[in-house]
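**Student:** Take this sequence and fold it.
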Amino acid sequence: MVESAAQAHERAAERVAAMLATPGHLNQLELYHQRTLRKKLAVEARLKTAVKSQISDVQEAFVLLNRSLQDLSDVDGELSVSQELSQASNDLQYHIANAKSVTDSRTQMRSTARLLTQILSVSDLVSEVQTMLADDEPNILAIHSIVMKLEACRDDVISRVEGSSVAQRGLEKAHQFFETVQVVAAHLEQLCLSEGSEMVKLVQANPARLVSILRVVEREEQLDKEHADSPHRPKRLRQKLFDKLALTIENKFDNTLFNQPTVGHFIREVSKFYFHDLAVAQTDLPPRCPPSYDIFNVILQNYHSRLCFMTSQLRAGKIEPGEIMLLLNWIPDYRVEMKERLGVDVATFDEQLLGVNVDDMRMQYIELLKEKMSGWVINLVGLDAKTLLRPSRSDDTTEEAAGTGERDATAANGDDSTADASGLRLVGARLVTDTPHILFQMIQQQLDVALQPSGGTSFCLTLLQECYNALTLFQKEYAELLLRVQSAYTGENTQPRPAGLVEHVMAVVNNSFHCTQFVTELLVRIGQHFPTSSNEYLMAQSTLEGDISNGFLSLSDTAARVLVDLTFQDVVPDFKNLFILKWLRSRSVMLTIVKTLEDYFHDFQCGLEPSYCMRVLVTSRKRVVILYLRELMSDSKEKYKPKSDSDKQAFVECMEAETDMIRSLFATYNVSRESTEFGRDPTFALTYARGVLVSAQSLLNVPWTKMRSDFPDFTWHHLEALVALRNDCSRRDARKLIDDIAKRSLGDKEPSQEEIDECQLFVHVPVNTSYAYTLPSEQS
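**Tutor:** Residues are numbered from 1 along each chain as shown. Presented below is the predicted three-dimensional model:
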């Protein structure tokens, strides 16, 4: 809004009043007046400059307007001349177009008439083709001739429409009109491809039809060359036929695998059609196909390539070691059959079966086999562990806790039904299980693989080593299992024994012994493959007859020891009742012990291998003597000590009677009392012990010398324990007496450490060793 004069005066008066508001401002009145004048002059100068500038712009505008008016006048004149020239040109062009139209009209009319005739017949021709395609066996050549006419008409119409003034809309209408032509042409193409891709079957069932299909393919190839500029060309029907053929072959192979994806099934199914199809492709197809197709090599390459792919897929998948060997064994047969039936050398192909070197496959087999064989062995031992360590039933617990020593007699007597249920069976009246047969059946299978001629020496030796490792692992795992059985069911705080445990341990002893026979059979098989003088055979002989056989013998020994421990687990409580006061009045304790052991020994004689039965009996005899000596030399206060000569005589007579009972028991089973391969008869230790009790003190060196000679691990402390039983000698007197005996024996030959270690009798009889003997013989 523009400020009025009154408002301006009012605002000015306010400013002046503000300047003169104080006396100090009056001194600056002149200064204010000069400043106001300067501002006024500046404003007036700017106003003058602005007015001059505007006047100058207006003058220039008038000059430009005058020039524009002159130019417009000139343009108007020239436009009139141009209009006259343009009118004359349009007239000339019109006359030229009319002349050309008159010249070409007849030609266009004749061409249009022919095209209209073809267009009007399209519907009828399409219907005719569809009817022919609906036949059970369409006439492919006749159909293709009609389709070629329809496609020629379509291409002609579309080319005319593309050159017209309504090209876009006309093309859409033309394509819509000829859609049915495209449909029947695609139908014919699909028919040719579907039937042509099965040319191996078709050439046997209807060779003429195959030839018709191939003629159609060749005609289309020629049309592709002649009408390369057509939007519907090239069709490349030949390439499509080869692609469809390859896809059909792939599906044929895939169906054989995916129905049951195993190597054995795949090889069986492929063998049913592979060589037959290739033989047909080699003999029947080439005469009916153009030479340029090289049809046999095309089919051969597709078949072989797909076979390589499928075998590679099988190898790369979850494959078992046996399937790897099935593939490796099948490859040589495949190569031979290809050579003999088709004259084709598979080695010339770029793509090889399995996709890897055969040696790499064998190494893959070895790696897989390591894990598999370890698992098989552990599972096999685990099955026996479930039997040997299975929980006891309540009736088993009651029976074992009572210490009756009764076992499952039906298994020992060969009852077939019980034997089947418990896993035991009789072979030549000996108890065994199927464990060694399963183990060595697995080893025999791998031995068959190792000894194949095509495998090579390196693969054979590597696989044999894996077999040795599996046998060693079996021995190790089974030895640990036996130790677990021993820990669980023998000693103090044992678990209740399951029924039939002793029979199963007997079977383990026999199994391990029979395993040595299986090892011998393995060596015979290897000797049939390698010369017996070759390094390979000698290495196998050293391993099998050395570590492996010794391992099974050691396993038998371990099982025998466990068997003895289980046997004596029933009688150890009875031994505790020896050498107490009521023991003097009756032989019932020893009768119970003998009866229980006799029951066990009878089963051993029936169910164990004779050689191991004797080992078990000899070990049992030694164990009886050790347990007897332990109770005799025990420091327990419950043990009876003769108090007079008559007591001592009764004591010695009891010992003599029980010694005879022990000897009679083992004599029943032909356990010799003479020195044998198993060592000196340990019952002589009981005889010498009685000699210590009844001999005069001056003659104690006689039983000592005999005992020390036959049983080198008999020590001065053991002698002290025996002498302390005499009624005429205290513990202190016994030690003094032993010192005297030792002095008289200073010249005697001391047993070697090897003899002491071999004896292993008194070392298991603990006695009081608190007194430290300083005699030279003791120090030695």
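**Student:** which regions of the stretch 601-750 of the chain sit below the pLDDT cut-off?
**Tutor:** Scanning the stretch 601-750 of the chain for pLDDT under 70 picks out 673-679, 746-748.
**Student:** Try it again at 50.
**Tutor:** Where the stretch 601-750 of the chain drops to pLDDT under 50, the residues are 675-678.
**Student:** those strands in it, which residues are they?
**Tutor:** Assigned by DSSP state E, counting those that start in this stretch, the strands in the stretch 601-750 of the chain number zero.
**Student:** so where do the helices sit in it?
**Tutor:** Taking DSSP state H, counting those that start in this stretch as the criterion, the stretch 601-750 of the chain carries its helices at 610-632, 645-668, 683-694, 701-710, 716-723, 731-744.
**Student:** How about the stretch 1-150 of the chain?
**Tutor:** With helices called from DSSP H, counting those that start in this stretch, the stretch 1-150 of the chain shows them at 5-19, 23-26, 29-133, 140-162.
**Student:** State the phi and psi torsions of Val432.
**Tutor:** The phi/psi pair for Val432 (degrees, to the nearest 10) reads phi -140, psi 170.
**Student:** can you tell me which residues contact it?
**Tutor:** Contact analysis of Val432 by Cβ atoms under 8 Å, 6 or more residues apart in numbering lists Leu424, Arg425, Leu426, Ala507, Asn510, Asn511, His514. For glycine as for every other residue, the C-beta is placed from the backbone atoms N, C-alpha and C.
**Student:** Equivalent analysis for Trp704, please.
**Tutor:** Trp704 neighbours (Cβ under 8 Å, 6+ apart): Val692, Leu719, Ile741, Ser745.
**Student:** Out of those, which two sit at the greatest distance?
**Tutor:** In these, two members sit farther apart than any others by Cβ to Cβ. They are Val692 and Ser745, at 14.5 Å.
**Student:** Neighbour count: those two, which is higher?
**Tutor:** Using other Cβ atoms under 10 Å as the criterion, Val692 and Ser745 rank with Val692 on top: 20 against 17.
**Student:** wait, isn't the more buried one in contact with Pro703?
**Tutor:** Yes. Using Cβ atoms under 8 Å, Val692 makes contact with Pro703 at a distance of 4.8 Å.
**Student:** Just want the most central residue of the protein.
**Tutor:** In the chain, the residue lying closest to the centroid (Cα atoms, centre = their mean) is Lys318, at 6.5 Å.
**Student:** if we can go back for a sec, and the contacts of Val432 as a markdown table, adding pLDDT, distance to Asp645 and secondary structure?
**Tutor:** Below are the contacts of Val432 laid out as a markdown table (pLDDT from 0 to 100; distance: Cβ to Cβ, whole Å; DSSP: H, G, I helix; E, B strand; the rest coil):
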| residue | pLDDT | distance to Asp645 | secondary structure |
| --- | --- | --- | --- |
| Leu424 | 79 | 55 | coil |
| Arg425 | 79 | 59 | strand |
| Leu426 | 77 | 56 | strand |
| Ala507 | 90 | 53 | helix |
| Asn510 | 89 | 52 | helix |
| Asn511 | 88 | 55 | helix |
| His514 | 84 | 57 | helix |
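**Student:** Correct me if wrong: Arg236 contacts Ala228.
**Tutor:** No. If you go by Cβ under 8 Å, Arg236 and Ala228 don't touch, sitting 11.7 Å apart.
**Student:** and those two? which has more neighbours close in?
**Tutor:** For Arg236 versus Ala228, neighbours defined as other Cβ under 10 Å are more numerous around Arg236 (13 against 9).
**Student:** Pull the contacting residues for the more buried one.
**Tutor:** Counting by Cβ under 8 Å, 6+ apart, Arg236 touches Asp224.
**Student:** Ile580 reaches Lys637, doesn't it?
**Tutor:** No. Look at Ile580 against Lys637 with Cβ under 8 Å: they stay out of range, at 10.5 Å.
**Student:** Which one of these two is surrounded by more residues?
**Tutor:** Between Ile580 and Lys637, Ile580 has the larger neighbour count (other Cβ under 10 Å), namely 14 against 6.
**Student:** Please give me every residue in contact with the more buried one.
**Tutor:** Contact analysis of Ile580 by Cβ under 8 Å, 6+ apart lists Glu638, Lys639, Tyr640.
**Student:** That one and Ser634: what is the separation?
**Tutor:** Distance, Ile580 to Ser634, by Cβ to Cβ, to the nearest Å: 10 Å.
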